[in-house]
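Novice: Just need the structure, nothing else, for what follows:
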Amino acid sequence: MRFSRYLAILISLVMAVALVGAAWAQEAESGQGEEPQQEVAGAESDGQGAEAPSPAQQMLESLPDITEIATQASQEQIGQGQPRLEEQVVYSVSPWNGREYKGTFAPRQVDTIYLMANEYSILNVQRTQVYFWPITNEYMADWFGLREEVPGTLEILRDGQVIDTLERTEYSYYFPSGIGREQRLYLGEEAVRVYEDYRNRLNAYYDAVSAYYEAHREWQRQMDEILREVQETGQYKDPSEIPEPPKQPTPPTDFAYSPRTAFAVNLPEGRYQVRLRGPDGEIVPDTTKTLEVFDSRRQGVGYLVIPEHKWTRSFQTNDPSDILYLDGRRVFYIVPHHAREFNFYQYVKMANLHKPLEGEGTRSVWTWAQFEPITQAKLQVLHNGEVIEEIALKPYYVRQTPGYALGYNIVEFDPENDPLLQGRSPTFEAYRVELEGDKSYQLRFVDDAGNVLIGSAREVRPIKSPGNAVYAIPLFPFAVGLVVFGWRRATARVGKGEEA
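Specialist: Predicted coordinates for the structure are as follows:
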């Protein structure tokens with residue numbers, strides 16, 4: 001995921017810069033830098049006694065939006081192919097794809113915006129510089145160079161009639177388990193509350209970091225005195241007289257975007273039009289677009305299958321007609337998700353408006369998309385229609401094996417009984433399945449009442465060995481060739497004998 005990777009890098013930079021800022025501020029408070037201390041004091045007062053934002057808060061508020069991360073033209077791209085540059089009014093779009101909010105934008109040349117039905121998506125109307133590459137027919141924006149929000153209200157029309165008018169509202173993306181995992185969208189006051197809670201905990205962490213550095217310096221000073229005293233007297237200290245080192249604070253594992261304002265759109269399936277009406281009551285030019293809101297044709301349960309012997313090469317199975325094959329005894333882990341089947345063209349186009357050629361030729365193709373994981377269910381293993389095993393969801397941890405082998409072991413996450421797992425988080429939560437490859441099985445998920453979840457059944461079949469007879473197949477042409485060769489040699493000898 002391009003967005004998750006780039007955002008993780010940016011957040012790492014945020015943490016590093018803010019951590020340095022916290023350490024620097026602590027040094028200034030301890031009197032080891034008069035000029036920095038005066039600068040900080042002047043900034044905090046701001047002439048009105050208002051408290052200046054912390055380094056962490058400043059960096060959080062300066063993070064680019066999802067659309068900016070996904071569609072910002074890099075210097076390398078700008079230097080390729082001599083793209084055309086034009087200032088435009090565009091729609092920045094962050095659509096929900098079932099797992100995360102993606103980023104794209106609709107330039108003036110794109111007439112239709114695609115969104116998923118009955119899910120919130122974020123739209124905004126902004127002015128920016130747009131690059132266009134004629135060879136690849138791709139648009140990218142220079143958000144960092146120009147990004148101006150176009151004021152107004154968003155009108156949604158159907159059959160030429162205005163059915164809704166939206167004002168910009170505050171929104172925030174929240175990652176409860178960190179970047180790259182579950183993502184949530186909060187709107188309005190709730191977005192502000194979630195962000196402020198995260199910001200306060202982050203500021204408290206950096207305050208704790210400053211206190212930790214101070215305590216660590218004091219601890220180091222005491223240890224130096226003890227060491228000097230031992231060297232001078234030759235008498236060792238009792239362990240009870242040696243101070244315990246301070247514990248380094250743990251940063252928050254979640255992450256919240258600082259609130260921004262845009263239009264939150266949630267519509268049922270259908271074809272609409274959108275346009276921006278400016279403060280003067282007129283429609284803003286280049287803001288009238290078609291809005292295609294699509295829904296799924298089928299729903300089911302998708303499997304994320306993690307083989308134990310190659311856990312980094314997981315795969316998905318979403319269609320109930322899919323068959324899993326066993327080659328001998330295997331152990332694998334299953335993470336079930338709610339899944340929906342969408343038109344491939346609409347689903348791909350939704351997050352790639354800046355690439356007009358994306359998805360072309362796939363209007364009749366369908367694809368499955370996995371949504372939120374299923375956690376309140378049990379996995380049943382059946383053989384000949386009888387339930388032979390029922391498996392519960394458990395957390396697991398992937399542990400690297402020591403040495404040069406570069407292997408790994410997947411163990412059940414149990415920090416209470418395994419000291420090596422204390423202070424860590426599970427790598428994943430899944431249903432562990434161990435099957436012998438000598439018979440056929442059926443897998444299915446059931447809820448707490450024992451009802452089978454629709455679309456959750458999968459067939460598991462063994463790969464049968466063809467036996468030793470399979471080796472005779474490549475030998476058959478060779479044997480025929482030998483017979484023909486021998487027959488022709490024999491015929492040739494008979495002919496020579498007759499001529500003689």
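
Novice: Can you show me the helices along the stretch 1-150 of the chain?
Specialist: 2-29, 34-45, 55-61, 66-71, 75-78 (DSSP state H, counting those that start in this stretch).

Novice: actually the stretch 301-450 of the chain, not the one I wrote
Specialist: In the stretch 301-450 of the chain, the segments counted as helices under DSSP H, counting those that start in this stretch are 344-350.

Novice: any low-confidence regions in it?
Specialist: Confidence mapping of the stretch 301-450 of the chain against pLDDT under 70 gives the ranges 403-406.

Novice: okay, now the domains of the protein?
Specialist: 2-190+255-294, 298-462, 469-499 (automatic domain parsing).

Novice: how far does the second one stretch from start to finish?
Specialist: Just to be clear, that refers to domain 298-462. Start-to-end span of domain 298-462 (Cα to Cα, to the nearest Å) is 29 Å.

Novice: Count residues in the vicinity of the residue nearest to residue 142 when sequence neighbours are not counted, would you?
Specialist: Nearest residue to residue 142 in three dimensions, chain neighbours excluded: residue 129, at 4.0 Å (Cβ to Cβ, 6 or more residues apart in numbering). Heads up, the C-betas are built off the backbone N, CA and C, glycines and all. Residues within reach of residue 129, counting by other Cβ atoms under 10 Å, total 18.

Novice: For residue 439, give me its contacts.
Specialist: Counting by Cβ atoms under 8 Å, 6 or more residues apart in numbering, residue 439 makes contact with 383, 462.

Novice: Let me fix that, I meant to ask about residue 307.
Specialist: 313-314, 330-332.

Novice: Make a PyMOL selection of the buried ones in those.
Specialist: Here is the PyMOL command that selects the buried residues among the contacts of residue 307 (16 or more other Cβ atoms under 10 Å):
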select buried, resi 314+330+332
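
Novice: returning to what we had before: columns distance to residue 247 on top of the domains of the chain, output as JSON lines?
Specialist: Below are the domains of the chain laid out as JSON lines (distance: least, Cβ to Cβ, whole Å):
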{"stretch": "domain 2-190+255-294", "distance to residue 247": "17"}
{"stretch": "domain 298-462", "distance to residue 247": "11"}
{"stretch": "domain 469-499", "distance to residue 247": "63"}
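
Novice: Looking at the ones you listed, spot the one closest to residue 198.
Specialist: domain 2-190+255-294 (3.7 Å; Cβ to Cβ).

Novice: and that closest one, what's its mean pLDDT?
Specialist: The average pLDDT within domain 2-190+255-294 is 82.

Novice: distance between it and the chain's centre?
Specialist: 17 Å (Cα atoms, centre = their mean, to the nearest Å).

Novice: shouldn't the residue nearest to residue 142 be in contact with residue 85?
Specialist: Yes - with contact defined as Cβ atoms under 8 Å, residue 129 counts as touching residue 85 (5.9 Å).

Novice: got any residues that touch both of the two?
Specialist: If you check residue 129 and residue 85 against Cβ under 8 Å, 6+ apart, the residues they both contact are residue 142.

Novice: How about the secondary structure of the closest residue in space to residue 243 that isn't next to it in sequence?
Specialist: Closest residue in space to residue 243, ignoring its immediate chain neighbours: residue 222 at 5.4 Å, by Cβ to Cβ, 6+ apart. Three-state call for residue 222 (DSSP: H, G, I helix; E, B strand; the rest coil): helix.

Novice: Am I right that residue 222 is in contact with residue 241?
Specialist: No - using Cβ under 8 Å, residue 222 makes no contact with residue 241, being 10.0 Å away.

Novice: Mind checking which of the two has more residues around it?
Specialist: Between residue 222 and residue 241, counting by other Cβ under 10 Å, residue 222 is the more crowded of the two (13 against 9).

Novice: Can you tell me the SS state at the residue lying closest to residue 256 once chain neighbours are set aside?
Specialist: Of all residues not flanking residue 256 in the chain, residue 198 sits nearest, at 3.7 Å (Cβ to Cβ, 6+ apart). Here residue 198 is helix, with the state taken from three-state DSSP.

Novice: and residue 198, what is it in contact with?
Specialist: So residue 198 contacts 174, 252, 254-256 (Cβ under 8 Å, 6+ apart).

Novice: Check residue 245 too.
Specialist: 216, 219.

Novice: Narrow the contacts of residue 307 to those in strands?
Specialist: 330-332 (DSSP state E).
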